[in-house]
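S.K.: only geometry, no sequence info:
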């Protein structure tokens, strides 16, 4: 997808602690603290104009990053939020807490979001590798508490797969109240990981929105 957005925009990925080349670091369990560290990195490395994209838990992180950067006098052109209800919505804390405490529930949740993961997670070595990170994600989401504040100045664009079992168009449209700018919404074919099913269409949508923001 990054290649299909070039050459107009450079894509910079954010690697959370506990993943891939940072797997020796403790995974984050505080979304506010994680957003603060991401905002610090953005402030050091990003040049204007820039946009933010967050998927699932990352949508909440990206939202908090945008808030922090706006407090510092910098604002993204667009905040793309994908497959996650608005940050002030009921986040199902009790369910998330229960999932984080039970590996079987973690696996069931992951399989519900992406059925192709079922076979992969049958491998005990893979489970041992990914479960600590997944548990921390659910704990972080369960512990997140939205703090009221002024709406973002930047535009927000919502994206979701029509077959996502936990986040639908109604939930995504609730993001509109978190911006003083414009809000747009796009629904794609597919589930929680819709972008893997039709990368070309999703990339074209992002490119069109970024072109409008120029």
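M.R.: That came in fine, so what should we check first? This is a predicted model, so every value here is computed, not measured.

S.K.: the longest helix anywhere in the chain - contacts with which helices or strands?
M.R.: Criterion DSSP state H: the longest helix present in the chain is helix 124-143. The criterion is 3 or more C-beta pairs under 8 Å, 6 or more residues apart in numbering; DSSP states H and E, and the helices and strands that helix 124-143 contacts are helix 31-45, helix 57-71, helix 93-100, helix 103-113. Using the backbone N, CA and C atoms, a C-beta is placed for each residue, glycine as well.

S.K.: run through who's touching that helix.
M.R.: Here helix 124-143 makes contact (C-beta atoms under 8 Å, 6 or more residues apart in numbering) with 18-19, 27-31, 34, 57, 60, 91, 93, 96-97, 99-100, 103, 106-107, 109-110, 120-121.

S.K.: could you do stretch 159-175 as well?
M.R.: Under C-beta under 8 Å, 6+ apart, the answer for stretch 159-175 is 80-86, 89, 112-113, 156, 158, 183, 185-195, 197, 202, 205.

S.K.: hmm, back to that, and the helices and strands packed on helix 124-143: which comes nearest residue 152?
M.R.: Nearest to residue 152 among the helices and strands packed on helix 124-143 is helix 57-71 (5.6 Å), distances taken as C-beta to C-beta.

S.K.: the closest one to helix 124-143, inter-axis angle?
M.R.: In terms of direction (axes from the mean of the first three to the mean of the last three C-alpha atoms, to 10 degrees), helix 57-71 departs from helix 124-143 by 50 degrees.

S.K.: tell me what angle the longest helix of the chain forms with helix 31-45.
M.R.: Going by the same axes, to 10 degrees, helix 124-143 makes 100 degrees with helix 31-45.

S.K.: got the buried residues for helix 124-143?
M.R.: 130, 133, 134, 135, 136, 137, 138, 139, 140, 141, 142, 143 (16 or more other C-beta atoms under 10 Å).

S.K.: just stretch 81-88 next, same as before
M.R.: Counting neighbours by 16+ other C-beta under 10 Å, the buried set in stretch 81-88 is 81, 82, 83, 84, 85, 86, 87.

S.K.: still on that earlier bit, okay if I get the buried residues of helix 124-143 as TSV plus distance to residue 50?
M.R.: Output for these, formatted as TSV (distance: C-beta to C-beta, whole Å):
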residue	distance to residue 50
130	30
133	27
134	29
135	32
136	27
137	25
138	29
139	30
140	24
141	25
142	30
143	28
